[in-house]
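Visitor: Any chance you could fold what I've pasted below:
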Amino acid sequence: MIKQILLSLVLVASSAALAADDWLKSLPDFELKDQNGEIHTLDQYTDRELLVFYVQGVGCPIARIALPQYREVRDLYADKNIEFLMFNANIQDDIKRINREATEFGIDFPILKDEGQALAKALGVERTAEVFIVDPKTQEVLFRGPINDQLGYETQRNEAHDEYLKDALNTVLAGGTVDMQDIPDSKGCLVAIFDT
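Guide: Next comes the predicted model:
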């Protein structure tokens, strides 16, 4: 009986480890336009220490509300050679709509239009307001999850208790590995991913 319990625990732990590894995908090469028509490629960021991507969606209230938190993290790490970007994989959001949203809400990040959803599919994106930390040299995703625990569905705290993105950046910059078992799913608007 004890052997069976131990074997079950080992199998569960192994499954969880595999699931965590599967959760962290890799970033493909890309060539995408932003809301101002500028082209962005992975190659132009290989001199950066890290890339951070935020999944944006026009009209998503959670993505809008989380924007100042994303900006705050960018500003905090301004001297760390990290590039902070956004991308939009929503089929219904074209460059004009994205540009209007950026203008209306003062979005000062490049928002890459993920035509064909290549980035979203490769990264396993499900919702807006999710963030990814990527090593641009290896294309390995080192973290995915929410910025913090301040926002939820129909809930909002005055202050965050857990700063997932900041903690992950500190861990990665110190040479460590983020324990994805401790990271909850992101809250945000659903991104419809279409098979082609």
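Visitor: Do you know the pLDDT at residue 64?
Guide: For residue 64, the pLDDT comes out at 92.
Visitor: ugh, typo on my part, it should be residue 159
Guide: For residue 159, the pLDDT comes out at 68.
Visitor: buried sites along stretch 82-98?
Guide: Buried residues in stretch 82-98, counted by 16 or more other Cβ atoms under 10 Å: 82-90, 93, 95, 97-98. In this view, the C-beta of every residue, glycine as well, is placed from N, C-alpha and C.
Visitor: what ranges do the helices span in this protein?
Guide: With DSSP state H as the criterion, the chain has helices at 2-23, 61-76, 95-104, 118-123, 164-173.
Visitor: how about low-confidence regions in this structure?
Guide: The chain contains residues with pLDDT under 70 at 1-24, 150-161, 196.
Visitor: Who are the contact partners of the residue most central in space within it?
Guide: What sits nearest the mean C-alpha location of the chain, by Cα atoms, centre = their mean, is residue 131, with 1.9 Å. Residues near residue 131 by Cβ atoms under 8 Å, 6 or more residues apart in numbering: 52-55, 70, 143-147, 165, 186.
Visitor: now residue 185
Guide: Residue 185 neighbours (Cβ under 8 Å, 6+ apart): 126-127, 145-146.
Visitor: Narrow those residues to those that are buried.
Guide: Applying 16+ other Cβ under 10 Å to the contacts of residue 185 flags 127, 145-146 as buried.
Visitor: which one of the residues you listed is nearest residue 115?
Guide: For those, the minimum distance to residue 115 (Cβ to Cβ) is 19.6 Å, reached by residue 127.
Visitor: Run through the bridge partners of the closest one.
Guide: Beta-bridge pairing of residue 127 under DSSP bridges involves residue 190.
Visitor: Quick check, it in contact with residue 191.
Guide: Yes. Counting by Cβ atoms under 8 Å, residue 191 is a contact partner of residue 127 at 6.1 Å.
Visitor: Name the residues contacting each of the two.
Guide: Residues touching both residue 127 and residue 191 by Cβ under 8 Å, 6+ apart: residue 55.
Visitor: Is the residue nearest to the centre of the chain bridged to anything, and to what?
Guide: Applying DSSP bridges, one finds that residue 131 bridges with residue 54, residue 145.
Visitor: Can you tell me how far it is from residue 144?
Guide: Note on residue 131: its distance to residue 144, by Cβ to Cβ, to the nearest Å, is 7 Å.
Visitor: What residue, apart from its backbone neighbours, is nearest residue 172 spatially?
Guide: For residue 172, ignoring the flanking residues on the chain, the nearest one in space by Cβ to Cβ, 6 or more residues apart in numbering is residue 142 at 5.2 Å.
Visitor: actually residue 30, sorry about that
Guide: Closest residue to residue 30 apart from its sequence neighbours, by Cβ to Cβ, 6+ apart: residue 42 at 5.6 Å.
Visitor: check contacts around that neighbour.
Guide: 27-30, 136, 139.
Visitor: next one: residue 84
Guide: Going by Cβ under 8 Å, 6+ apart, residue 84 touches 52, 54, 70, 73-74, 109.
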